[in-house]
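Engineer: Quick one, fold the following:
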Amino acid sequence: MKIPKAGQPVRGSTTGRPIMVALDLLGRRAALRILWELRGEPLTFRALQEAAETNPSLLNTRLKELREAGLIDHEGQGYCLTEAGVALRLALRPLSNWAETWCK
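Structural biologist: I've put the predicted structure just below:
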């Protein structure tokens with residue numbers, strides 16, 4: 001599966017509108033879980049694999065996609081959210097609040 005990019009067709013959209021590209025990326029298996037696990041301190045590959053409860057192959061694929069999207073980076077201590085990743089986490093808060101209300 002190719003890495004989604006704005007302006008290029010993605011699953012569910014032939015236009016490649018940014019929101020559709022973001023939803024395609026975030027909707028991939030384990031992508032949101034990986035971002036969630038990186039909300040705190042940087043994590044090594046093994047620690048992230050354990051925290052996200054995923055296999056090494058899938059984790060490598062998602063890390064590549066999320067790094068190319070500019071949402072995570074790898075520094076000396078491990079993987080962490082970039083500024084864009086932190087901004088995404090904050091942007092998802094209202095959706096999380098809506099989902100909590102919706103599920104009641």
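Engineer: Quickly note the distance from the spatially most central residue of the chain to residue 88.
Structural biologist: The centroid of the chain falls nearest to residue 31 when counting by Cα atoms, centre = their mean (4.2 Å). Going from residue 31 to residue 88 by Cβ to Cβ, to the nearest Å gives 11 Å. No exception for glycine: its C-beta is placed from N, CA and C like everyone else's.
Engineer: try residue 60
Structural biologist: Going from residue 60 to residue 88 by Cβ to Cβ gives 21 Å.
Engineer: Equivalent analysis for residue 26, please.
Structural biologist: From residue 26 across to residue 88, the span is 8 Å (Cβ to Cβ).
Engineer: what sits in contact with each of the two?
Structural biologist: Shared contacts of residue 26 and residue 88 (Cβ atoms under 8 Å, 6 or more residues apart in numbering): residue 35.
Engineer: Can you give me the neighbour number for residue 3?
Structural biologist: 17 (other Cβ atoms under 10 Å).
Engineer: got it, and residue 86?
Structural biologist: So residue 86, with other Cβ under 10 Å, has 15 neighbours.
Engineer: in what helix or strand does it lie?
Structural biologist: Using DSSP states H and E, residue 86 falls within helix 83-103.
Engineer: Which residues are in contact with residue 45?
Structural biologist: Going by Cβ under 8 Å, 6+ apart, residue 45 touches 56, 59, 63, 78-79.
Engineer: And the pLDDT at it?
Structural biologist: Residue 45 carries a pLDDT value of 97.
Engineer: distance of it from residue 52?
Structural biologist: Relative to residue 52, residue 45 is positioned 11 Å away (Cβ to Cβ).
Engineer: sorry, back to before: what about the contacts of residue 45, which one has the most neighbours?
Structural biologist: In terms of neighbour count, residue 79 stands highest of the contacts of residue 45 at 21 neighbours, by other Cβ under 10 Å.
Engineer: Hmm, it is touching residue 51, no?
Structural biologist: No. In this structure, residue 79 is not within contact of residue 51 by Cβ atoms under 8 Å, at 10.6 Å.
Engineer: Please enumerate residues in contact with stretch 55-63?
Structural biologist: 28-31, 34, 45, 48-49, 52, 54, 72, 74, 79.
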